[in-house]
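In: Generate a structure from the sequence data that follows.
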Amino acid sequence: MEGVTAREKLLTALLSLPDGGQLQIHLEGLDVLSTSFADEVVGKALDRLTRDDFGDRSILLVSPSLELADGVDAKLKQRQLAMICLTGTAWHLIGACTPAMTETLARIIEKGRTTAKELAGELDLQMNACVNRVARLAKLHLVRREEVGRSGPQPVYVLHSILKG
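Out: Down below sits the predicted model:
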């Protein structure tokens with residue numbers, strides 16, 4: 001029941017943010033985070049976020065250690081979700097993620113702003129593969145896509161890191 005109450009508060013806080021806003025879940029002060037609580041609060045909230053129930057908002061996990069976020073990581077893997085976890089000045093992609101997702105996200109975070117065309121060249125990828133990676137990252141609200149035009153029938157996007165510089 002505590003998890004349900006906490007999730008409702010989290011979703012209310014998420015809705016109160018402007019579009020493009022970011023909610024940070026801080027784990028400081030916790031010794032242990034149970035997997036059932038992690039799933040009830042973070043897993044279910046992130047699931048709703050990826051269904052676009054909250055516009056272009058994002059959620060970050062902030063933890064004093066990666067080990068404390070293990071319960072969240074396990075539940076996100078089960079739900080096929082992923083999120084960024086900050087520990088100190090480092091970021092980690094937790095949940096259901098692949099090395100390719102992490103590589104692409106790292107490049108977007110490093111650059112702050114880029115395009116799929118630039119990424120494809122830098123990562124030595126075919127454009128289709130790069131677009132698929134970026135689409136997955138955007139669906140998970142790990143990057144922001146801003147449509148800036150069209151190239152024939154296809155939209156052209158500028159990609160933004162959700163991490164503030």
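In: check contacts around residue 14.
Out: Contact analysis of residue 14 by Cβ atoms under 8 Å, 6 or more residues apart in numbering lists 21, 23, 45, 49, 54, 57, 59. To be clear about C-beta, it is placed using only N, CA and C from the backbone, and glycine gets the same treatment.
In: how about a cut-off of 10 Å?
Out: 21-23, 45, 48-49, 53-55, 57-59 (Cβ atoms under 10 Å, 6 or more residues apart in numbering).
In: which among the residues you listed end up buried?
Out: Among these, those classed as buried by neighbour count (16 or more other Cβ atoms under 10 Å) are 23, 45, 49, 54, 57-59.
In: and the two most separated of those?
Out: With distance counted by Cβ to Cβ, no two of these lie farther apart than 45 and 58, which are 11.5 Å apart.
In: what's the overlap in contacts for the two?
Out: Shared contacts of residue 45 and residue 58, counting by Cβ under 10 Å, 6+ apart, come down to 14, 23.
In: how close does the most centrally placed residue in the chain get to residue 43?
Out: Within the chain, the residue whose C-alpha comes closest to the C-alpha centroid is residue 142; the distance, by Cα atoms, centre = their mean, is 3.0 Å. When Cβ to Cβ, to the nearest Å is applied, the distance between residue 142 and residue 43 equals 16 Å.
In: Could you chop the chain up by domain?
Out: Here the domain parsing of the chain from automatic domain parsing is 1-96, 98-165.
In: TSV for those domains, including mean pLDDT?
Out: As requested, the domains of the chain are arranged in TSV below (pLDDT from 0 to 100):
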stretch	mean pLDDT
domain 1-96	92
domain 98-165	90
